[in-house]
Structure formats: C-alpha cells, structure tokens
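[1] Structure, please.
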Amino acid sequence: IQADLKTFTALGVYGTSVLTALTAQNTRGVQSIHACPTEFVEVQLVSVLDDIGADIIKTGMLFNAEIIELVYAKLNSLPDLNLVVDPVMVSTSGHRLLASDAIDPFIKLISIATVITPNISEAEILSGDIQIHTIDDMRKVAIILKEKGCKYVLLKGGHLPMKKEDMETNSSNILRIHLMNDIEAVDGIYTVDILYDGEKTVEYWKPYFQTDHTHGTGCTLSAALAAYLAKGIPIREATEFALTFVAKAILHGVNLGIGHGHGPLNHLYSISEIPFVSPNSFPRKLVESCLPEWNDYIDHPFVKGIADGTLPAECFKHFIKQDYLYLIHYARGYALAAYKEHEFEEIASAADVVLNIYHESKLHIEFCKQWGVSLEELKSTNEATANLSYSRYFLEKGLSGDKLDLYVAMAPCLIGYGI
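    Predicted structure coming up:
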C-alpha cells in the first residue's frame, strides 16, 4: 500500500486504498500476516467506489480465497472496468502471501483483468507449474496466461537475467523496445519483460541491475502501470513508462540506506530529479508532460500513413514540397543563431548546421525529382498554413528573444524526429 500510494503521488494521480491484509514486515522479511475480515473489505470497497470512484483499479495482496471471491464479485459488477491484477503470491524475502487454496479463485479474477503483471515465480504457479528457464519459456507461458481471459499479460523477467544472445529470436511478430540506453549492461546481462495481447508480443529490454534495493518492485510497477493507464496512455507506452520509472527508482534507491535486508526503491526520485541527469531524460520528460498532444502527433493519420505506406501519393508530394520550404526557414533559423553568438567557435558551429541543411536540400531536390516534382515547382509552391505558422514562430522568437528562446522554439522539430 505504501509503495502504491508513493508511486501514485510521484506520477500525478490520486490513489485510494482498500486494505485486505495487514503485514508485519521490514526489509528482512515478513514476520506475520493478519487478514482483514471479508465483511470489512466489502465495506471499504463500497465506501471508496460510491463516493470517489476510480478510473482504474489495481489489486495487490489478496491473501485468501474468501477475499478474492468478494473482490471478483464486486469488480465484475462494475461497468467499464479497467483492472490491473498484480498476482502477489510470494514476498521478495520468500514469504508466501497467497493461500494455496486461493489459486482457482484468483484465476477467475484474472479473467476480468485488463492486464496482469506476474513475475517468473508467479507465472509458473498460474500456468500450472510450467518451469521458466529461458526467454522462449517466458513467451510460451505468456500465451498460456493470456488464455485465462485477461486482455494483456505483462510477464516480468527481473528474476531471469540473461545474455543478449540468449534473448534473440527470428520471429517477425515480436517488437523489441530497448530501455535505459544510457546505462551500460554490466557483463552484457539484460532482463526482458514481455507484453502479450494474444497476437503481438512486445519485449522490453533493459540492463540488469545487481542490487538488493528491490523491496516493493512488483507493487511499484503495477501501480505505475495503473497510473499511466488511468491517464489514458496506450498500454504499450504505459508499460514502457512504468518499467522506466521502476528502473530509475531502483537506481535512486541505492543511496537511501534503509534497513539491513532488501532495501526499498526511491519512489519519489522523479519529484526532485534534475531533468539533465541522462541524455534521454529531458526529451522524455517533455513528452510525458504533454502526453495527450504527443499521442495526437504520433497517432495522426498522416504519420501513420507515412509509417505503413498507405499515404496517397498526392499527399506525400504535398509533404515533400512543404518540407523543402521548411528547410529554407530552418537554415534561416540557424543563420539567426549564428548572428546571436559572440564567439567564433559557436558562430562556426551554427554556420556548419546551415551548410548541412544546404547539402540536405540538394538531396531533397533529387528525391523530389523521383516523384515528378521539379525544382521550379518546389520554388513556386505556396507555403501551407502549418508550415508558415511554425517557421515564423521560431524565427520571431529568435528575433525578439535570445539564442535560448530560438533553440527551444526549434526543439520540437528535433524531438519529433528523434524520439
């Protein structure tokens, strides 16, 4: 509960809670568990949902069959249910957190879940004790778990570090996404988390962290995933953001020095984190700060048409003609940047960019010829409103402000192409 609420706070959503069991635990392990009476769990559920409601619900430790049956009955009656099920079965220290007779009721709960987030041990139990030793085992078990009725399976591989060559596949139905690229994988060891929807498999690769600061990792991931989904972010991107959040929380937890066993993550690192910690962090923070607009951009029919080759030829010709005109103004922007500088090195650097744009324009002219668009036609093309508005915007910012105003105004172009 504590990890969940800290995560919700860090990610800018409001979390409420319903307690199903109380634990006496510390970084060394779980000493005792006291299950809440089923009737009291029901009262809590009704109290929270009748007044505050929820955009998404996340379950954690449910402990016994009676509580699971109650939670299933209550949640199954809700319209438009969005449910993240974290199958909390065994603690980091190895303490059993789910009664042995609760497996069947738990599988019934899985059937109404939007996404489940088992780790290796939990996936083995839920799949009928199928052992997982390789990446292929993970892929097979993800398929089995999907057949339990949930929409998505996020199978976590943090307990199965492996060499990169052991993770290779020739399947064209697997999309790989590499996370934390600014951190080198020690000894070439990685972990992989698998998101499966019944058709497509997405694998998230990241360097393996050899650390004891992993207390509450599973809870934090499912809470982060729930937070991003509550914001309306698509599952693939929500998973990427949640995994990155947890990875950074683990890294920032090293210096906390709390306890004498498996130390906790630093859930609140992002509240005080300087954006420029890594090369990728600042652009990613910009994207996360305006996700609805970003998603509108990457999901725009034009962008998708470019990506899958379905954009009509005339639309594509319009695009490449406008792109030629934009290159002119982009060069003007860097020429203005050169004017704003006061040292030869910075002036030369901006001028080099102008020359690079010039050489790019020559390539662009030749490319346009392949589409039947001549240089004369390029020069006689009227600027589209969007092209005109944006290029004049950054030129005006550069004229009225300093060089930082100019560079920031031109940054969306670089971020849009580069991320």
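[2] Please count neighbours and contacts with C-alpha atoms only from this point.
    Fine.
[3] And for Ala242, the neighbour number?
    21 (other CA atoms under 10 Å).
[4] any idea how far Thr23 is from it?
    Taking CA to CA, to the nearest Å as the measure, Ala242 falls 26 Å from Thr23.
[5] What of Arg236?
    Counting by CA to CA, the gap from Arg236 to Thr23 is 33 Å.
[6] Next: Tyr208.
    30 Å.
[7] What of Gly401?
    Taking CA to CA, one finds Gly401 at 58 Å from Thr23.
[8] Ok, His133 next?
    His133 is 31 Å from Thr23, by CA to CA.
[9] Flag the shaky bits of the protein, pLDDT-wise.
    Under the criterion pLDDT under 70, the flagged ranges of the chain are 91-95, 167-172, 272-282, 415-419.
[10] please redo it, this time with the cut-off set to 80
    Along the chain, segments meeting pLDDT under 80 span 90-97, 164-172, 182, 213, 254-256, 270-291, 413-419.
[11] okay, which residue of it is out on the far edge from center?
    Glu376 (45.4 Å; CA atoms, centre = their mean).
[12] From Asn387, how far out is that residue?
    Applying CA to CA to Glu376 and Asn387 gives a distance of 19 Å.
[13] repeat for Asn181
    Taking CA to CA, one finds Asn181 at 33 Å from Asn387.
[14] now swap in His215 and tell me
    Distance from His215 to Asn387, by CA to CA: 51 Å.
[15] Comparing those two, which residue is more hemmed in?
    His215 (23 against 16).
[16] Could you tell me how far stretch 283-294 lies from the centre of the chain?
    11 Å (CA atoms, centre = their mean, to the nearest Å).
[17] oh sorry, the question was meant for stretch 302-316
    Centroid displacement of stretch 302-316 relative to its chain, using CA atoms, centre = their mean, is 26 Å.
[18] Leu75 is in contact with Asn82, correct?
    No - assessed by CA atoms under 8 Å, Asn82 is found out of contact with Leu75, at 9.5 Å.
[19] which one of the two has more residues nearby?
    Asn82 (20 against 17).
[20] for the more buried one, what are its contacts?
    55-57, 113-114 (CA atoms under 8 Å, 6 or more residues apart in numbering).
[21] from these, which is closest to Tyr330?
    Nearest to Tyr330 among those is Asp55, at 42.9 Å by CA to CA.
[22] leaving aside the residues next to it on the chain, what's closest to Val84?
    Lys58 (4.6 Å; CA to CA, 6 or more residues apart in numbering).
[23] quick one: which helix or strand includes that neighbour?
    strand 57-59 (DSSP states H and E).
[24] Please identify the buried residues of that strand?
    57-59 (16 or more other CA atoms under 10 Å).
[25] and which of these is nearest Leu45?
    Ile57 (10.9 Å).
[26] The closest one reaches Asp86, doesn't it?
    No - with contact defined as CA under 8 Å, Ile57 does not count as touching Asp86 (10.8 Å).
[27] Quick one: the helices in the stretch 51-200 of the chain, in order.
    Remark: helices assigned in the stretch 51-200 of the chain by DSSP state H, counting those that start in this stretch are 65-76, 103-110, 120-126, 135-146.
[28] Leu5 - that's part of a helix, no?
    Yes - Leu5: assigned to a helix according to DSSP: H, G, I helix; E, B strand; the rest coil.
[29] which residues are contacting stretch 143-161?
    Here stretch 143-161 has contacts from 107, 110-120, 123, 126-127, 133-134, 138, 142, 189-198, 208, using CA under 8 Å, 6+ apart.
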